[in-house]
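Peer 1: sequence first, predicted coordinates after that:
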Protein chains: 2
Amino acid sequence: MASLVPVSDPADPRLADYVRLRDVNLRRSLEAEHGLFLAEGEKVIRRAVAAGHPVRSLLMAKRWSEPLADVLDGLDAPVYIADEAVLESITGFPVHRGALASLERLPLPTVDAVLTGARRVIVCEDIVDHTNVDVPVQHTQTPRRILVLEDLVDHANVGSIYRCAAALGIDAIILSPRCADPLYRRAVKVSMGAVFAIPYARMTNRHDDLAKLRTAGFTLLALTPDQTATPIYRASRGDRVALMLGSEGDGLSSHWLGEADEAVCIPMSPDAMSAGVDSLNVTAAAAIACHTLMR
Amino acid sequence: MASLVPVSDPADPRLADYVRLRDVNLRRSLEAEHGLFLAEGEKVIRRAVAAGHPVRSLLMAKRWSEPLADVLDGLDAPVYIADEAVLESITGFPVHRGALASLERLPLPTVDAVLTGARRVIVCEDIVDHTNVDVPVQHTQTPRRILVLEDLVDHANVGSIYRCAAALGIDAIILSPRCADPLYRRAVKVSMGAVFAIPYARMTNRHDDLAKLRTAGFTLLALTPDQTATPIYRASRGDRVALMLGSEGDGLSSHWLGEADEAVCIPMSPDAMSAGVDSLNVTAAAAIACHTLMR
């Protein structure tokens, strides 16, 4: 049973996991150093816990401890209770969704492990007995439709793509070495917890790991705004397909484009092109591409 | 020729159009009272001017006046020049994209006007002679594929849907009376100026104006997360189709759902549903739905 611990000093060292949540550089180094990440809001906290992430602590206004009572009952971690002014003073912004949790990262599987048999963690919405949440239900499958994200920088975009990929049934995601962190608070929040529902790995070498996809039998499709590419609904559909998505500004690198079996595009309206509306944002493009691939 | 006017006092009354850009309530009443809206960033400002919106003034750091020199040459409006600290003090946030413009709203066409012959404003990327930008190129067409947005509250979502709709060739958008404003700064920015490229109208009566769509021969499709609805790729495709999208939290109202000819859904992965990832966000759903409708 978690203990409720009232706190009132924003400088209390026990709250160090929660400081200055909008300071991206500080958060990156703090979270890497301690191997932690933050989940925000009741629903997302439930999913993080159910996915087996050990809880370091929670921080919330008193009224949020009630809807989370069943989760807190199963935990052996402190629950810091503060009023909203103190919360804002610690975190640097108004905590509208009321509850924050600091959780431990788990070791990511390797690219090989994800390509050969993805671990699919089933997140259960209504777990009553949380004594077993550190052994989430799993089954092994061979992924057939995956996304490969190259160097996305915006955490909200990463979270949005995870949500969409999970909802549409994409089996796994592979991240380039520099792609933004899916466990950064904003990514977790925008994904609505889908970052816990889809297996993923981060490449250690952007060239060698891309070659592994081909060795594993994946057809590599590169999504590009270039309208001379194959329309995505006519793309090759092998037994295994990896769809590569590039960064927000520049799209895929020329190296990755060159490694693709086929460049594919989402056909745009000629009127729009002549009106200067000449591209979709990466999350809209990913949504359309995932939906088309899964049909 | 616009005149460059150095300013250094954040309280200067000539800068009243630009105050506290993150204060949504203040901005709503200020912009409604003066019939203005703000455009941010070189590209979006170019598109707003090219779409024929009269310029009240501009505000920027000195270095941004150079890339915009050709636009400024054609304007008869003051260009206030401030350093970045003053800009931040006026607007309440760091103005990363450097240039802001305050422009006049134009009267919106009626729902009837949009349904019978949409005005398509062609936004020209590379206008050199800006003496003619108040007469944008237009042509009349009869819209066949339109979106109807019910009570969306998030300006970024509205902007994202406009960008996507314009890019994919949707002919027009109809807004419910309470739907968030496409000319709010954040919507304009996220749309990348697509709010100037697609004709739209705002309903004055949510019941009567919906009936007008049917009278005009539109098949009304209601997009819903309900997985018992028709998959969108099997939806009726009459000559004229209106796709109705509901608000972020609650989706379409029961009244609008009841008025639809057919409820349509984007099929979700059964695994995702059982994992609690049970919906797409409205912008991803809109992207997939627009792409499917336009095929």
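Peer 2: Good, I have the coordinates.
Peer 1: how about the helices in the stretch 1-150 of chain A?
Peer 2: Here the stretch 1-150 of chain A has its helices, by DSSP state H, counting those that start in this stretch, at A:24-34, A:42-50, A:69-73, A:84-91, A:111-116.
Peer 1: domain map for chain A?
Peer 2: Here the domain parsing of chain A from automatic domain parsing is A:3-104, A:111-294.
Peer 1: mean pLDDT, mean neighbour count and distance to chain B added to the ones you listed, as a markdown table?
Peer 2: Bear in mind the C-beta positions are built from the backbone N, C-alpha and C, glycine included. Below are these laid out as a markdown table (pLDDT from 0 to 100; neighbours: other C-beta atoms under 10 Å in any protein chain shown; distance: least, C-beta to the nearest C-beta, whole Å):
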| stretch | mean pLDDT | mean neighbour count | distance to chain B |
| --- | --- | --- | --- |
| domain A:3-104 | 92 | 18 | 7 |
| domain A:111-294 | 87 | 20 | 3 |
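Peer 1: quick one: which of those domains is nearest residue B:265?
Peer 2: Smallest distance to residue B:265 across the domains of chain A (C-beta to C-beta): 11.7 Å, for domain A:111-294.
Peer 1: so who does residue A:156 touch?
Peer 2: Shown in contact with residue A:156 (C-beta atoms under 8 Å, 6 or more residues apart in numbering or on different chains): A:186, A:187, A:190.
Peer 1: so residue A:225 is in which element?
Peer 2: Using DSSP states H and E, residue A:225 sits in no helix or strand.
Peer 1: so it touches residue A:249, yeah?
Peer 2: No - counting by C-beta atoms under 8 Å, residue A:225 sits too far from residue A:249 to count as a contact (11.8 Å).
Peer 1: got a list of what the closest residue to residue A:31 other than its chain neighbours touches?
Peer 2: The shortest distance from residue A:31 to any non-neighbouring residue, by C-beta to C-beta, 6 or more residues apart in numbering or on different chains, is to residue A:37 (5.8 Å). Residue A:37 sits next to A:31, A:53, A:102, A:103, A:105, A:183, A:184, A:185, A:188 when contact means C-beta under 8 Å, 6+ apart.
Peer 1: so which of the residues you listed are in strands?
Peer 2: If you go by DSSP state E, the contacts of residue A:37 have A:102, A:103 in strands.
Peer 1: and of the contacts of residue A:37, the nearest to residue A:162?
Peer 2: Among the contacts of residue A:37, and counting by C-beta to C-beta, the member closest to residue A:162 is residue A:188, at 9.0 Å.
Peer 1: how about the strands of the stretch 101-250 of chain A, start to end?
Peer 2: A:118-121, A:138-141, A:145-149, A:172-175, A:200-202, A:219-223, A:230-231, A:241-245 (DSSP state E, counting those that start in this stretch).
Peer 1: so for residue A:60, what's the nearest residue that isn't a sequence neighbour?
Peer 2: Counting by C-beta to C-beta, 6+ apart, the residue nearest residue A:60 is residue A:99, at 3.9 Å.
Peer 1: looking at the contacts of residue A:156, which is nearest residue B:86?
Peer 2: Closest approach to residue B:86 among the contacts of residue A:156 (C-beta to C-beta): residue A:186, at 29.4 Å.
Peer 1: residues in contact with the closest one?
Peer 2: By C-beta under 8 Å, 6+ apart, residue A:186 lies in contact with A:155, A:156, A:159.
Peer 1: go with 6 Å
Peer 2: Under the criterion of C-beta atoms under 6 Å, 6 or more residues apart in numbering or on different chains, the neighbours of residue A:186 are A:155, A:156.
Peer 1: kindly format the C-alpha coordinates of stretch A:37-45 as CSV.
Peer 2: Output in CSV follows, covering the C-alpha atoms of stretch A:37-45 (Å, rounded to 0.1, in the frame of the first residue of the first chain):
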residue,chain,number,x,y,z
PHE,A,37,10.3,9.0,-17.1
LEU,A,38,7.0,10.8,-16.1
ALA,A,39,3.5,9.8,-16.8
GLU,A,40,0.7,12.4,-16.5
GLY,A,41,-3.0,11.9,-15.9
GLU,A,42,-5.0,9.0,-14.5
LYS,A,43,-5.4,7.0,-17.7
VAL,A,44,-1.8,7.2,-18.7
ILE,A,45,-0.5,6.4,-15.2
